[in-house]
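Engineer: Attaching a predicted model along with its sequence, questions to come.
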Amino acid sequence: MLEVVGSIPSQVIPKTTNSFLAWCSALRGFWSSITYKQMRKIYFCGSIRAGRQDVELYGRIIEQLQAYGIVLTEHVANKEIELSEVNLDDKFIHDRDIEWLENCDAVVAEVTQPSLGVGYEIGRAVAMKKRLLCLFRPASGKKLSAMIGGAYDSQSFIVKHYAELDVPQILQEFFSY
């Protein structure tokens, strides 16, 4: 028969002060990692009006980002985004996206397809002191903007040249801060 203290079986409760403190510390660490991962808000940037060549790639990146938190901008991977946002005016889209940007914990931007909107979002994210990861695929044959490449600081503004197979490792490193 199990002896119960409150609703916790007594065999689960440590018997000494030191083991109790270690148990509490481990439990706190476990719950904080679960809670933070579930609550982390990620803002993903990708070209919408400047070209949709990478929309399927955006979807695969967003799918991987979901392991690290809630992606506020999943719509970037919607192939029919221009149809789904046809009734939204530019002011509404701007204000909605800036609110999401203000409320996010981290920004991940796929910057291979040049986009004024993505550049604007990156600039605003920097001004808001958001942690930022820019992903660029050199195999595309395009050149990375000097304004992105030159902003790299290894702490809050990370730029990675990548192939798609590298994404899981890059995200793991970025989100292990």
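Structural biologist: Perfect, I can see it now. This is a predicted model, so every value here is computed, not measured. Numbering: from 1, shown residues only.

Engineer: Going along the chain, name the helices of this protein.
Structural biologist: According to DSSP state H, the chain carries its helices in the segments 17-39, 55-65, 81-84, 90-103, 116-127, 146-149, 167-174.

Engineer: so Val111 sits right up against Phe136, yeah?
Structural biologist: Yes: the pair Val111 / Phe136 is scored as a contact, 5.3 Å apart, by CB atoms under 8 Å. The C-beta positions use only the backbone N, C-alpha and C, and glycine is treated the same way.

Engineer: Spit out the residues that contact the two alike.
Structural biologist: Contact criterion CB atoms under 8 Å, 6 or more residues apart in numbering; residues bridging Val111 and Phe136 by contacting each: Leu144, Ile148.

Engineer: which of the two has more neighbours?
Structural biologist: In terms of neighbours (other CB atoms under 10 Å), Val111 is the more surrounded of Val111 and Phe136; the figures are 23 against 19.

Engineer: Nearest spatial neighbour of Ile122, chain-adjacent residues omitted?
Structural biologist: Nearest non-adjacent residue to Ile122, counting by CB to CB, 6 or more residues apart in numbering: Ala109, 5.7 Å away.
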